[in-house]
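A.B. asks: all I have is the shape, not the residue letters:
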């Protein structure tokens, strides 16, 4: 085995360790944002419910990356052109899928003004039902949001006039300090940052996969050429 081929083999093996960690990172990021978005499902505008798909797709892609890293490691160690070719093809397919997810994530918030208007309308309905919802669904969502995002009312504490919920206060007690920021801005910023972080992470990892696929194909071709020379 030549020096160049040995270096490529070492790179492919090292790249797979990185891909395995990247897959785990995508799974963790997807799970964290999926759990957060699940708590706000009723507050996400109907036209933007597809935002909740991004974490799920991220988890799926991360799981696949983690699994196929096995093919790359086995292919590099066993010097199997078949495994290396399979690995490279799967990487390219995942690369295209991640590009699609990244673009999809950014397209969801391309019109920020319309997005914020939809968020405002959705939250207005939920906040207005705080004291009227017999199922307590709106109250639970509002209380959770105000505590987690450290906000109060739609645009600030003035929204509640004199009947301010305890969730508007730090630690959920009226004896602690009250949150000053409105929930519309805080929730909008949360959704926007969530989508952007997922999109940027997916796109950033996808660039390294192209390099990994190219080196895998190079190593596969080098091994085939070496085997062909030995036959003659």
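C.D. replies: Everything's here; your move. A quick note: this is a predicted structure, and the numbers were derived from the prediction, not measured. Numbering: from 1, shown residues only.
A.B. asks: please identify the helix or strand for the most centrally placed residue in the chain.
C.D. replies: Closest to where the C-alpha atoms of the chain average out (Cα atoms, centre = their mean) is residue 198, at 3.4 Å. Using DSSP states H and E, residue 198 sits in helix 183-231.
A.B. asks: hmm, back to that, assess the claim that the residue nearest to the centre of the chain and residue 58 are in contact.
C.D. replies: Yes - using Cβ atoms under 8 Å, residue 198 is in contact with residue 58, at 5.6 Å. For the C-beta atoms, the positions are set from N, CA and C on the backbone; glycine is no exception.
A.B. asks: joint contacts of these two?
C.D. replies: 29, 30, 33, 101 (Cβ atoms under 8 Å, 6 or more residues apart in numbering).
A.B. asks: wait, doesn't the second one sit right on residue 197?
C.D. replies: No - look at residue 30 against residue 197 with Cβ under 8 Å: they stay out of range, at 10.8 Å.
A.B. asks: for residue 142, which non-adjacent residue is spatially closest?
C.D. replies: Using Cβ to Cβ, 6 or more residues apart in numbering and skipping the chain neighbours, the partner closest in space to residue 142 is residue 130 (5.3 Å).
A.B. asks: does that neighbour touch residue 141 like I think?
C.D. replies: No - if you go by Cβ under 8 Å, residue 130 and residue 141 don't touch, sitting 9.1 Å apart.
A.B. asks: Three-state assignment for residue 154, please.
C.D. replies: Here residue 154 is coil, with the state taken from DSSP: H, G, I helix; E, B strand; the rest coil.
A.B. asks: switch to numbering from 17
C.D. replies: Right, with 17 as the first residue, what we last looked at is residue 170.
A.B. asks: give me the neighbour count for it.
C.D. replies: Under the neighbour criterion other Cβ atoms under 10 Å, residue 170 is assigned a count of 19.
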